[in-house]
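Asks: Sequence below, structure please.
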Amino acid sequence: MKALYGVLIIIEILALGVCALKAEKRRGKLAKIVFCYESVAFLCGIIFAAYTFVPGVFVTTLCKGLTLACFDWLLILLMYYTQYYTGLFHGVRVVKLLMEAYAAIETVMLIVNAWTHHMFSVGEMTGDMIAVEFVKGSFFYQMHFIYSYVLIAILILAYLFMIARASKFYRFRYEVILSALVVGFVLDLLSIHSQSIYDVSMIMFGVMSMLIYYFTFSYVPNELIESTLSLIIRDMNNGIICFDNRGICVYCNDLVRKLYKVSGRPDVLEQMYWNWLSDSGEKRADLMRFQMPVEEDGKERYYEIVYKRVYDDKNNFVCDCFIFNDRTEEIESLEHEKYRASHDRLTGLLNREQFYLDTSERLHQNPDKKYCIICSNIRDFKFVNELFGIEKGNDILLRQAELMRTHTGAGALCARLQGDRFAVCMEQKAFREEMLFEIVEKIQEEVNNSSFRLHVFAGVYNIQNPKEPVSIMCDKANLASETIKNDYHSSLAYYDDELLKRSIEERRIIGEFERALEQNEFVMFLQPQVDEAGKAYGAEALVRWEHPERGLLSPAVFIDILEKAGLIYKLDRYIWEKAAEKLAEWKKNNAGAYHISVNISTKDFYLVDVYETFTGLVQKYEIDPEMLKLEITETALMSDFKKNMEILKRLQDFGFKIEIDDFGSGYSSLNMLKDISADVLKIDMGFLRASENEVKGKDILESIIVLADKLGMEVITEGVETEKQLSMLTRMGCKMFQGYYFSRPVPVDEFEEKYGIN
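Replies: Numbers count the residues shown, from 1 in each chain. A predicted model of the protein is given here:
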């Protein structure tokens, strides 16, 4: 038993020595305190081993006194450690100085006790027993235990307090240290009058010392890493550093390591962090931006650093994060302004505007030569980014640009028009279908996946009229390519007579539009927006063309054409006027409780003063702006997000209700709900019907409804066609509906008759 006890003490002493050495290599005030604590614990272990195993009454008495003295200093260091570890005990400096003075005096008294025996005496060891007799009337004997146990009690209360208020990420560390402290305290109480050499409480306090080192420097909970990273907007092109509430670096990406030449543990970053906190002082805010030059590969680069202090839901400090944004290109932009204005940044090809200019110039300079325009596209390219990552998507675009340069020859003009759309202008005699097929084949080889394959399709327009706008030429080539978009066996199509007929139809629609608008051939239809019982609260304004020769035309016949021609804003403005006029009529007839929702398209923001138009309609017809609701799609917003959001905010302040239309019909982002302050979310049932996984689709739909409710947004579900869908949506919490189950879009008079509006 004695041998096993000795082995345990030796192992503990060695472990404490290792902890002290490792702590000494770290930087910062907390590291210094931990080093002192581990060093005293290591010394205490050696003295206690001598007390237990070295024979002789004098040695045993002296070692017993030194052990008690070390215990005093360990408690003081534990208090300092707790101060930096938890943030407590900052305002008790006088008390701490008195404690240190008392510990110093008692240390001297305990050493002197080896000769005077005024506190305790030690008899000869018998077997596994040491006869220790305390002088009960001794002042220092009584003060020693009062001092020690009161301080332990205070520390226990401090850790209980931190457990109660701590973030869940750090609570476990406090719980472990508290448990070790309590167990050691209890064991110490039990061993006060014990004469056995096997003092388990000293072993327990040694274990606590090792736990302190581990939970201070080595333990990083996985949940903390995941949660802190989820609270940060991650950008793989940016550098990111995260420090927890002890100043320990818990995350550092490769860019930062490269910038500061960090290969192993990021100790240098931790030291820089502490220096920065010290220099910032009271000037530090929870969100800050500042610039810092950093030398990289012999060149000075400029980074904008965004500092953010992160708190959890209880407002507890979780971590500090620094995001490095490289702003070197912006600072040096004057040198590259001309190039960047005319070329695509990713591929280096001409951008759309420059391609139009250069192609037009070449056609005019070479009127005797025949040219063609080839426009290509990749079907569902967005899935490449989603399935394989943006980096892979960029690799494919770069590969396509490289193939276009090498296969079309020096005389061709190559451009990236936008996204995955590319264009080439070259002489007709130089164009070969085999060349295009070879480019397409090599691009498609970039994704070798059984569940997904690239489908590159291209349209060719042989230029007939060199004076025609190049944008129209590209439209014709794109129009040809769209005819094979869903045909995986084809990759090339030409602009032909059938497409020409379609183009003529488009021109006819455009040509008749102004006349139809002047003669009020466009009529407003209303599709009711109702509750579960079918009670209407309003309607969405839709449009039909009552053509004098062709009858009632569906919007599918003319809306897309008008949007492409840039005329949709006139039709939108026309319907807005009709809706406001009708609301004024209802108000006059005491039917002002019904609202009308109108749509705002992308082009409206560019071609109409949206704010002035709608506020003018409200003032002109003296209607409540809440009754004229404004529907807008994510696509329309994203065309110029900042500007459009400012306009919508002004409209909301005026009293209008903003609705996000067709949510779920495309690739709407949940991030959009965070950034857009809307009043109503209109969910499209189409995405549920199109889903291959109906159960998952329902879960997503229900989650969106719940999320919208938490964000304070009303929800209207569009496209409700069956009673089963209505029942399901009602159970999910949706209260407003729109769809064929209740009513198709109907003329205004039919709507008024159905809902009793006179």
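Asks: Roughly how far does Leu357 sit from Ala341?
Replies: Note on Leu357: its distance to Ala341, by CB to CB, to the nearest Å, is 11 Å. For every residue, glycine as well, the C-beta is placed using N, CA and C.
Asks: How about Met645?
Replies: 26 Å.
Asks: Please apply the same query to Asn245.
Replies: Distance, Asn245 to Ala341, by CB to CB: 47 Å.
Asks: Neighbour count: the two, which is higher?
Replies: Asn245 (20 against 10; other CB atoms under 10 Å).
Asks: my guess is Glu300 is in a strand, correct?
Replies: Yes: assignment of Glu300 by DSSP: H, G, I helix; E, B strand; the rest coil places it within a strand.
Asks: List the residues that contact the spatially closest residue to it that is not a sequence neighbour.
Replies: Counting by CB to CB, 6 or more residues apart in numbering, Glu300 lies nearest to Pro293, which is 5.2 Å off, once chain neighbours are set aside. Counting by CB atoms under 8 Å, 6 or more residues apart in numbering, Pro293 makes contact with 300-303.
Asks: what residue ranges in the stretch 251-400 of the chain score low on pLDDT?
Replies: 334-335 (pLDDT under 70).
Asks: Repeat that for the stretch 551-700 of the chain.
Replies: Using pLDDT under 70, the flagged stretches of the stretch 551-700 of the chain are 638-639, 664-672, 687-693.
Asks: Distance check, Val7 against Val384.
Replies: 62 Å.
Asks: Met473: which element?
Replies: Applying DSSP states H and E as the criterion places Met473 in helix 470-482.
Asks: Same check on Trp73?
Replies: Using DSSP H and E, Trp73 falls in helix 57-86.
Asks: returning to that earlier point: hey, what's the residue nearest to Glu300 bridged with?
Replies: Tyr302 (DSSP bridges).
Asks: how near is it to Lys308?
Replies: Pro293 is 21 Å from Lys308, by CB to CB.
Asks: So for Val182, what's the nearest residue that isn't a sequence neighbour?
Replies: Ile156 (6.3 Å).
Asks: Enumerate every residue touching Lys587.
Replies: Applying CB under 8 Å, 6+ apart, the residues near Lys587 are 622-624, 627.
Asks: Recalculate using a threshold of 6 Å.
Replies: Neighbour list for Lys587: empty [criterion: CB atoms under 6 Å, 6 or more residues apart in numbering].
Asks: next SSE after the helix or strand where it lies?
Replies: Lys587 is part of helix 568-588 when elements are defined by DSSP H and E. The helix or strand immediately downstream of helix 568-588 is strand 595-600, counting by DSSP H and E.
Asks: what about the helix or strand just after that next one, distance to the chain center?
Replies: Beyond strand 595-600 in the direction of the C-terminus, DSSP H and E gives the next helix or strand as helix 602-607. Offset of helix 602-607 from its chain centre (CA atoms, centre = their mean, to the nearest Å): 30 Å.
Asks: do stretch 730-748 as well
Replies: On CA atoms, centre = their mean, the centre of stretch 730-748 falls 35 Å from that of its chain.
Asks: likewise stretch 462-478?
Replies: Worked out by CA atoms, centre = their mean, stretch 462-478 lies 43 Å from the chain centre.
Asks: Thanks a lot, see you next time.
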